[in-house]
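Asker: sharing a sequence plus its predicted fold:
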Amino acid sequence: MSILTKYQLEIVEQSEIDALEDRLLRVRGQNDNAMGVELQRFGNAVAFSVKNIPGPSFNTVKGISGENVEGLDDIVEFYSNRGISPRFEVTPGNASIDLFRKLNTMGFFQSGFHTALYRPLSIEEISDMRVDSAIHIKEISLANFDIFGELYTKGFGMPAAFKDYVTANNKVLAESDNWTFYLASVGGEPAGIAVLLIKNDVATLAASATVPEFRNKGVQTALIQKRMQQAADAGCRYLVGQAAFGSVSQKNMERAGLKIAYTNAVWEKF
C-alpha cells in the first residue's frame, strides 16, 4: 500500500462529513423534520445538530481547523441557542495550538480519540479474499427492515424500546441507492448487521453490530469483506471507516487491510 498523501487524508475526512450529512439530510426530510435536524457551515467546518437526540453522536462539529479560531464563539452559540452541548472532532492535519487553547478557555477538554481508517480498492486484490462459508450475508429489503432495528439494538446493548426508532431512522436511508444494509446469519440464525454508503466513488463502512451470542465467530470480518467487495465492484477508489481507538472494530478493519489514516482528538464540554 502506498504512503498516505495529504490528498488522501482530505478524502477520508470529507467522507466522514459526507456520511453524516447524507444521513441527517434524509432524516430531516421526514415528518416535517420532527427530529429537529439542522446543519450550518462555518468556513470548512460543518456543525451538525439534532435537537431531539441530545447525545454527542449527531451534535458534532467536523472539518474544524485553526482557521475557525475567531469563529468558535459563533459555532458554540449555534448549539447554545438549541440547548445542546457540542462535540468537536479535530484531525491532526487541522489541529493548531491556538485552536486547542481557545477550546480550553471556552470550557472544553479533550475527552478521547476516534480513529479513521482507509484503503485503496483493487478488484483484483479484493477477489482473492477468502470468505467464511459458514456465514451467510444478504441485503436487507425494505419489506423486512424491522430485523435491522432488532439486531442493532441487541448488538449495541440498547433498550428494546429503541428498536422502532432505529428502524425508522435507518429505513429512510435504505430507500436511497447510496446506502446498502446487510444481514449476516450463522447456521440460519440472524447474527449481525452492517451498512455501506457509496458516495463520490468513496465507500464508507457505516454502522455494524453483532448480537452477543454470535461474537468472536468472524461475523464482522465477513461483513467488512462483503462491503469491500461491493465497493470494489461499484468502482470505488477508496474504502474508509471510523472506530473508537483501539476497539475491536478498529482491529477488524485493520485485519481486512485498512490502515489508520489519522486519529481525531475529541473535545467536549467540562
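Answerer: Nice, I can see it.

Asker: tell me the contacts of the residue nearest to residue 94 when sequence neighbours are not counted?
Answerer: With C-beta to C-beta, 6 or more residues apart in numbering as the criterion, residue 94 has its nearest non-adjacent residue at 3.6 Å, and that residue is residue 65. For every residue, glycine as well, the C-beta is placed using N, CA and C. For residue 65, the contacting residues are 44, 45, 90, 94, 95, 96, 99, by C-beta atoms under 8 Å, 6 or more residues apart in numbering.

Asker: which non-adjacent residue is nearest the fifth one?
Answerer: Nearest-residue entry for residue 95: residue 265, 6.7 Å, with adjacent residues in sequence omitted and distances by C-beta to C-beta, 6+ apart.

Asker: where does the one you found land in three-state SS?
Answerer: Under the three-state scheme (DSSP: H, G, I helix; E, B strand; the rest coil), residue 265 adopts strand.

Asker: there's contact between it and residue 93 in this structure, I believe.
Answerer: No - using C-beta atoms under 8 Å, residue 265 is not in contact with residue 93, being 11.5 Å away.

Asker: show me which of these two is the more surrounded one.
Answerer: Using other C-beta atoms under 10 Å as the criterion, residue 265 and residue 93 rank with residue 265 on top: 20 against 13.

Asker: mind showing which ranges of the protein have poor pLDDT?
Answerer: Along the chain, the model assigns pLDDT under 70 to residues 1-2, 125, 127-131.

Asker: now do the strands in the stretch 101-250 of the chain.
Answerer: Assigned by DSSP state E, counting those that start in this stretch, the strands in the stretch 101-250 of the chain fall at 108-120, 135-139, 179-186, 189-199, 202-210, 238-244.

Asker: with mean neighbour count and distance to residue 25 added, can I get the ones you listed in CSV?
Answerer: Below are the strands of the stretch 101-250 of the chain laid out as CSV (neighbours: other C-beta atoms under 10 Å; distance: least, C-beta to C-beta, whole Å):
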stretch, mean neighbour count, distance to residue 25
strand 108-120, 18, 21
strand 135-139, 16, 23
strand 179-186, 21, 12
strand 189-199, 22, 12
strand 202-210, 23, 15
strand 238-244, 22, 19
